[in-house]
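# okay, sequence plus prediction incoming.
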Amino acid sequence: GQLLAWNRQVEAAELFAATLARVEEVALEQGIMPARYQRNRTIISVADQLALFRSCVAVIGCGGLGGYIVEELARLGVGRIIVIDPDVFEEHNLNRQLFSSPANLGRAKVAAAAARISEVNPAVTLVPLQTAFSPQNGADLLAGCQIAVDALDSIQVRLELADACNAMGIPLVHGAIAGWFGHVTTQFPSDNTLQIIYNSWKEGKGIEQTLGNPSFTPAIIASLEVAEVCKLLLDQGTPLRGRKLLVDLLSMDMHLIELCDDDGETV
């Protein structure tokens with residue numbers, strides 16, 4: 001039942017010349033929950049919180065989906081978050097991208113993410129990488145990560161990311177959005193889930209380019225992706241392996257579609 005208040009965490013860091021991250025880790029090791037996570041305690045134990053803190057998650061893309069994913073992971077207490085995106089904020093991002101603002105126009109998205117997370121949860125280490133993911137640099141970018149989260153807007157790069165995750169034995173939580181609609185799935189190593197989903201794709205970015213995205217769709221799909229990440233890191237619940245959750249916000253319907261069996265083979 002012990003809690004470590006934020007001001008005490010700051011005082012301890014100053015007293016022992018330690019980082020806030022180190023103080024948080026030691027507190028959790030001693031069974032003391034940082035007070036910021038007290039509303040987690042009914043579903044996330046102190047031991048679980050320590051596991052989250054010691055986890056590393058890569059988020060590929062820091063736009064509509066990625067901004068919400070990064071912030072929710074930080075508020076959840078994931079200790080190390082690698083954020084990969086080559087872009088800067090443009091005016092058309094302002095309707096839906098969490099870290100965008102008029103003041104941030106022209107600023108690198110990963111830099112804005114780092115600044116935001118340093119305010120939201122300074123105990124979290126965010127590694128901003130202003131570069132585009134590719135098959136050539138994928139292994140280096142994902143090194144040390146336990147899970148990769150897809151927040152991309154390119155089907156081609158998504159498929160390349162899926163291949164890289166399989167090669168490295170990393171689960172991939174995938175989300176996509178367009179207008180009122182979105183879907184989420186989790187590809188386990190050796191599965192071919194994304195290849196199944198996009199087996200009819202030929203070229204281009206997909207329907208998102210036509211339908212666009214309002215403010216609410218990325219927030220909802222990103223939250224579902226973070227829930228998948230949390231389950232995987234803590235080995236709890238039933239992940240969306242071999243299944244795609246379709247979300248229709250216009251009619252407020254959700255549908256589960258079976259994609260493949262536990263061996264990754266098409267159903």
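Yes, it's here.
# going by C-alpha atoms from here, please, whenever you check contacts or count neighbours.
Will do.
# so where's the chain shaky on pLDDT?
1, 202, 204-209, 261-267 (pLDDT under 70).
# give the next helix or strand downstream of the helix ranked longest in it.
Longest helix in the chain by number of residues (criterion: DSSP state H): helix 216-234. Once helix 216-234 ends, the next helix or strand along the chain (criterion: DSSP states H and E) is strand 243-248.
# which outside residues touch that next one?
With contact meaning Cα atoms under 8 Å, 6 or more residues apart in numbering, strand 243-248 is reached by 180-186, 253-260.
# out of the residues you listed, flag the one nearest to Glu25.
Distance ranking of these against Glu25, using Cα to Cα, places Thr186 first at 28.7 Å.
# please report how far that closest one lies from Ser118.
29 Å (Cα to Cα, to the nearest Å).
# pick out whichever of the two has more residues nearby.
Thr186 (27 against 15; other Cα atoms under 10 Å).
# was I right to think the more buried one contacts Arg241?
Yes. The pair Thr186 and Arg241 passes the contact test of Cα atoms under 8 Å, sitting 5.1 Å apart.
# which residues does the residue nearest the centre of the chain contact?
For the chain, the residue nearest the mean C-alpha position is Ile69 (4.1 Å; Cα atoms, centre = their mean). Neighbour list for Ile69: 59, 222-223, 225-226 [criterion: Cα under 8 Å, 6+ apart].
# okay, those in JSON lines with neighbour count and distance to Ile81 next?
As requested, the contacts of Ile69 are exported to JSON lines (neighbours: other Cα atoms under 10 Å; distance: Cα to Cα, whole Å):
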{"residue": "Val59", "neighbour count": "26", "distance to Ile81": "7"}
{"residue": "Ala222", "neighbour count": "29", "distance to Ile81": "15"}
{"residue": "Ser223", "neighbour count": "17", "distance to Ile81": "16"}
{"residue": "Glu225", "neighbour count": "28", "distance to Ile81": "15"}
{"residue": "Val226", "neighbour count": "20", "distance to Ile81": "12"}
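# biggest separation within these, which pair?
Across those, no pair lies farther apart than Val59 and Ser223, at 13.3 Å, counting by Cα to Cα.
# excluding chain neighbours, give the residue nearest to Leu234 in space.
Nearest non-adjacent residue to Leu234, counting by Cα to Cα, 6 or more residues apart in numbering: Asp48, 6.5 Å away.
# what's the residue lying closest to Leu20 once chain neighbours are set aside sitting at in phi/psi?
Nearest residue to Leu20, sequence neighbours excluded (Cα to Cα, 6+ apart): Ala123, at 5.0 Å. Taking degrees, to the nearest 10, you get phi -80, psi -10 for the backbone angles of Ala123.
# how far away is Ala123 from Ala151?
From Ala123 across to Ala151, the span is 24 Å (Cα to Cα).
# tell me which of those two has more neighbours.
Neighbours per residue (other Cα under 10 Å) separate Ala123 from Ala151, with Ala151 holding more: 29 against 24.
# so the more buried one sits right up against Tyr68, yeah?
No. Here Ala151 lies out of contact with Tyr68, judged by Cα under 8 Å, at a distance of 9.8 Å.
# rewinding a little: now, the contacts of strand 243-248 that are in strands?
Residues of the contacts of strand 243-248 located in strands (DSSP state E): 181-186, 253-258.
# which of these count as buried?
Among the ones in strands among the contacts of strand 243-248, those classed as buried by 16 or more other Cα atoms under 10 Å are 181-186.
# what is the nearest of the residues you listed to Arg22?
Using Cα to Cα, Thr186 comes nearest to Arg22 of these, at 31.4 Å.
# for the closest one, give its distance to Ser200.
Look at Thr186 and Ser200: by Cα to Cα, they are 19 Å apart.
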